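Chemist: Here is my input; please provide its structure:
(3 chains)
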Amino acid sequence: MPILDITSKKEFFDLVYQVVRLVPKGRVTSYGAIAKYLGASRSARIVGYAMNNAHGVVPPVPAHRVVNRVGLLTGKHHFGGEKTMQTLLESEGIKINDDQIENFNEVFWDPQIALEI
DNA sequence: CGATTGACGTACG
DNA sequence: TCGTACGCCAATC
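Modeler: Next up, the predicted model:
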């Protein structure tokens, strides 16, 4: 099968994982940004669904670097622990206040910019 | 095969 | 500015 075959749902999931792995340490991105980069800007929810299936995927997907569009850690409950996601982000130098990423505009990593579209 | 759900995002009052 | 409503689209029931 072709390496880049977006027609396949499974490939779409895989593409999401690849983009998430490209997120640099100490940076974060959003579900919508990933969806938009993949040409499915109206499928932000599907990106989140892909993350839900990211457990057990190899190589591991740094899902803690993916938040919603306002920098809110909406998916922290899916990390097993309540503070796991926040702890991982803080260990990378990202400041979090009440599940909200501080200076989100500065740490935000847009795949379209990073990949020089 | 139809109804429901969800780690989202935008529109509207 | 803040809370609520609705649309999207794949997966699950």
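
Chemist: which bits of chain A sit near DNA strand B?
Modeler: Where chain A comes near DNA strand B, counting by Cβ under 7 Å from any atom of the strand, the residues are A:30-33, A:44-49, A:51-52, A:54-55, A:63-64, A:66, A:68-70, A:74-76, A:78-79, A:85. Just so you know, the C-beta spots here come from the backbone N, C-alpha and C atoms, and that holds for glycine as well.

Chemist: ok, now how distant is the residue lying closest to residue A:79 once chain neighbours are set aside from DNA strand C?
Modeler: The shortest distance from residue A:79 to any non-neighbouring residue, by Cβ to Cβ, 6 or more residues apart in numbering, is to residue A:85 (4.7 Å). The spacing between residue A:85 and DNA strand C, counted by Cβ to the nearest atom of the strand, to the nearest Å, is 22 Å.

Chemist: and residue A:85, what is it in contact with?
Modeler: Contacts of residue A:85 were listed using Cβ atoms under 8 Å, 6 or more residues apart in numbering, and they are A:64, A:73, A:75, A:76, A:79.

Chemist: Before I go, just wanted to say thanks for your time.
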